[in-house]
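*Asks:* Predicted model, plus sequence, below.
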Amino acid sequence: MDDQQDDAGPRGPAAGMKKAAVVVIHGMGEQRPMDTIWKFVDAAWIYDPEMVSKRTDTVFSKPDKITGSFELRRITTRHSRGHGPRVDFFEFYWAHLMTGNTVSSFVQWLIGLVVRTPSSVPRRLVAPWLIGLAVLVASLAVAVLAGLPESLRPGFLPRAIWPAALALSALGGLFSAWWLAPVAGDAARYLSPTPNNVAARQAIREAGIDLLTKLHGSGDYDRIIVVGHSLGTVVGYDVLNCLWGRIDKEAFWTTHRQTPEAMKALDALERATKALIEAPAENCGPQRLAYRAAQRGYFAVLATLRTQDKPLWLVSDFVTLGSPMSKADVLMARDRPELERKKALRDLPSCPPWLEKKDPPRFSFYLRDPVRAPHHAAVFAPTVWTNIFFDSKAVVFGDVIAGPLAPLFGSGICDVRVPIGGLRFRHLDYWKDPQGTPPAVWIRALRRAINLRGHDDATLWAPEADRGVVRAERLPEAIATTRMA
């Protein structure tokens with residue numbers, strides 16, 4: 001089967017028009033190739049009446065020559081309503097690069113997280129920390145009790161505790177083999193740069209960089225959208241950071257010198273950055289709107305620039321779903337001061353980028369030159385970052401793994417909060433039940449965040465666009481206009 005349109009339904013864009021690429025990064029666990037991507041495509045395309053006029057035969061799969069894996073397929077769309085964009089969906093599959101997880105590595109990681117001074121625990125994480133500490137202590141106690149020979153068992157403990165300890169120890173072993181090592185072990189290894197984990201972390205990042213580099217060089221796309229779920233958000237963040245850092249700075253200077261529009265867009269973005277960081281965090285909605293509009297303006301110019309016969313940068317959007325980066329001050333740094341130091345040292349990119357100078361505002365260098373290049377941690381200069389999270393309650397309900405990211409990584413991030421909608425665990429529900437009419441609250445948020453039609457933020461998130469945190473339940477069922485940017 002080829003890419004030609006069939007005769008039924010609305011025609012797609014004119015032949016030769018470039019497409020958008022959506023790269024979906026799965027989360028932790030023993031994921032099977034293509035399981036995540038097909039469910040995602042249902043929510044993002046097949047059941048979206050704003051993108052397609054019928055729900056049958058709207059997509060097909062083709063061999064994925066980009067990743068080179070025979071286990072993966074490229075899912076491509078036939079057409080969209082109103083002569084909108086065609087889209088290719090790719091899955092960045094990395095589970096096969098994170099094998100050999102052990103219970104001991106997870107326990108070591110958990111001990112490092114929970115065994116800390118209370119003053120180093122962020123206030124919002126005190127309850128999960130206490131629960132984790134209690135579980136760790138209880139698990140160790142059960143293991144010790146179950147292993148004691150009869151001659152050493154304390155006489156003051158009731159005899160019934162011993163078979164109970166043995167049973168709990170056996171159940172703990174089964175649980176460790178079924179979930180801790182293969183699922184949570186992914187997080188333990190990826191988030192711990194110990195010698196045993198460095199090779200796997202390197203392989204995953206290199207594979208992600210290779211995928212995005214090939215998409216840049218294919219000539220088929222004018223825009224790339226990266227979507228991560230759970231631990232996949234951390235993987236996506238790292239891949240984008242590393243890919244941006246590999247751009248030759250001479251290419252930046254050359255293209256910006258030859259294209260006055262690039263420097264004009266960069267100047268506007270830096271001015272918007274200053275206005276955003278000077279606005280109160282709890283009431284920065286208008287400044288965030290202006291900043292993200294400036295980001296899209298800068299991206300529009302960068303996407304037209306070429307170096308070594310490839311586009312300079314095509315990643316327009318980064319979308320995070322259920323991200324554990326909301327706990328970055330304990331997962332990606334020892335505490336909040338260390339996280340801030342890493343951002344200031346440009347080890348971890350923020351949104352907006354860390355300013356080198358505030359007056360005039362600069363995250364580009366050399367500071368006094370009329371032609372400048374963004375520094376190597378400025379990946380979120382042209383790339384818009386949107387974060388969706390279910391609220392949480394009593395630790396176990398909603399999505400305790402997720403949360404807002406703007407307080408930790410910068411107010412240029414648009415945080416979208418989705419209500420729990422019932423006492424249930426929601427971490428796996430970000431594209432659940434896509435066929436509902438009207439669409440579920442989380443599906444509305446997801447489709448807006450991916451933004452396949454290229455709307456501005458004021459259109460996407462109205463009437464919540466200028467709020468500090470967008471409340472997804474207040475979004476209308478459909479976007480008010482179908483205007484394409």
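*Replies:* Noted; the coordinates are in hand. As the structure is a prediction and not an experimental result, all values here were calculated from the model. Numbering: from 1, shown residues only.
*Asks:* Can you list the residue ranges for helices in the stretch 101-250 of the chain?
*Replies:* With DSSP state H, counting those that start in this stretch, the ranges of helices along the stretch 101-250 of the chain come out as 103-114, 126-147, 161-175, 185-190, 195-217, 231-245, 249-258.
*Asks:* closest to residue 223 out of these?
*Replies:* Each of the helices of the stretch 101-250 of the chain has some distance to residue 223 by Cβ to Cβ; the shortest is helix 195-217, at 10.1 Å. (C-beta placed from N, C-alpha, C; glycine too.)
*Asks:* Give me the distance from the closest one to the chain's centre.
*Replies:* Centre-to-centre, helix 195-217 and its host chain are 16 Å apart (Cα atoms, centre = their mean, to the nearest Å).
*Asks:* which parts of it are buried?
*Replies:* Buried positions in helix 195-217, judged by neighbour count with 16 or more other Cβ atoms under 10 Å: 197, 200-201, 204-205, 207-212, 215-216.
*Asks:* and what of stretch 51-65?
*Replies:* In stretch 51-65, counting by 16+ other Cβ under 10 Å, buried: 51-52, 58-59, 61, 64.
*Asks:* What is the nearest of these to residue 284?
*Replies:* Distances from residue 284 to those, taken by Cβ to Cβ, are shortest for residue 51, at 31.2 Å.
*Asks:* Could you measure from the closest residue to the closest one other than its chain neighbours over to residue 47?
*Replies:* Distances taken as Cβ to Cβ, 6 or more residues apart in numbering put residue 80 closest to residue 51, at 4.9 Å, once the chain neighbours are dropped. For residue 80, the distance to residue 47 equals 13 Å [Cβ to Cβ, to the nearest Å].
*Asks:* go on, residue 86?
*Replies:* 18 Å.
*Asks:* Below-threshold pLDDT in the stretch 1-150 of the chain: ranges please.
*Replies:* 1-16, 30, 54-57, 82-83, 100-104, 107, 139, 142-143, 145-148, 150 (pLDDT under 70).
*Asks:* quick one, strands of it?
*Replies:* Along the stretch 1-150 of the chain, counting by DSSP state E, counting those that start in this stretch, strands occupy 19-25, 59-63, 73-77, 87-92.
*Asks:* Tell me which of those strands sits nearest to residue 268.
*Replies:* Of these, nearest to residue 268 by Cβ to Cβ is strand 19-25, at 24.4 Å.
*Asks:* I'd like to know which elements that closest one is packed against.
*Replies:* helix 35-41, strand 87-92, helix 195-217, strand 221-229, helix 231-245 (3 or more Cβ pairs under 8 Å, 6 or more residues apart in numbering; DSSP states H and E).
*Asks:* quick one, which of these is nearest to residue 293?
*Replies:* For residue 293, the closest of the helices and strands packed on strand 19-25 is strand 221-229, at 16.5 Å, according to Cβ to Cβ.
*Asks:* Now tell me what touches the closest one from outside.
*Replies:* 18-27, 36, 40, 88, 212, 215-216, 234-237, 239-240, 303, 311, 314-323, 430, 450-452, 454 (Cβ atoms under 8 Å, 6 or more residues apart in numbering).
*Asks:* likewise stretch 386-403?
*Replies:* The set of residues external to stretch 386-403 that reach it, using Cβ under 8 Å, 6+ apart, is 124, 127-128, 131, 230, 317-324, 326-327, 404-406, 413-420, 423-427, 429-430, 442, 445-446, 449, 472.
*Asks:* do stretch 197-206 as well
*Replies:* 94, 97-98, 105, 189-190, 193, 235, 238-239, 242.
*Asks:* again, only using 6 Å
*Replies:* Residues outside stretch 197-206 that contact it (Cβ atoms under 6 Å, 6 or more residues apart in numbering) are 94, 97-98, 189, 238-239, 242.
*Asks:* export those to TSV and tack on neighbour count and distance to residue 76?
*Replies:* Output for the contacts of stretch 197-206, formatted as TSV (neighbours: other Cβ atoms under 10 Å; distance: Cβ to Cβ, whole Å):
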residue	neighbour count	distance to residue 76
94	23	22
97	16	26
98	24	28
189	24	34
238	19	27
239	29	23
242	16	27
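*Asks:* For residue 227, list each beta-bridge partner.
*Replies:* residue 24, residue 319 (DSSP bridges).
*Asks:* Within the helices and strands, which one has the nearest residue to residue 257 once chain neighbours are set aside?
*Replies:* Distance criterion Cβ to Cβ, 6+ apart; nearest residue to residue 257, sequence neighbours excluded, is residue 371 at 4.6 Å. Residue 371 belongs to no helix or strand when elements are defined using DSSP states H and E.
*Asks:* Return the residues in contact with residue 371.
*Replies:* Contacts of residue 371 (Cβ under 6 Å, 6+ apart): 253, 256-257.
*Asks:* Also residue 289?
*Replies:* The contact partners of residue 289, by Cβ under 6 Å, 6+ apart, come to 457, 465-466.
*Asks:* Residue 285: which of these is nearest?
*Replies:* residue 466 (3.5 Å).
*Asks:* How much space separates the closest one from residue 290?
*Replies:* 10 Å.
*Asks:* Select only the buried ones of the contacts of stretch 386-403 in PyMOL?
*Replies:* Buried residues within the contacts of stretch 386-403, by 16+ other Cβ under 10 Å, are selected in PyMOL with:
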select buried, resi 128+230+317+318+319+320+321+322+323+324+326+327+404+405+406+413+414+415+416+417+418+420+426+427+429+430+442+445+446+449+472
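*Asks:* Keep only those of the contacts of stretch 386-403 that are in helices.
*Replies:* 127-128, 131, 406, 442, 445-446, 449 (DSSP state H).
*Asks:* To what extent is residue 459 buried, counted in neighbours?
*Replies:* Using other Cβ atoms under 10 Å, residue 459 has 18 other residues around it.
*Asks:* phi, psi of it?
*Replies:* phi -80, psi -40 (degrees, to the nearest 10).
*Asks:* same question, residue 122
*Replies:* Dihedral angles (degrees, to the nearest 10) for residue 122: phi -60, psi 140.
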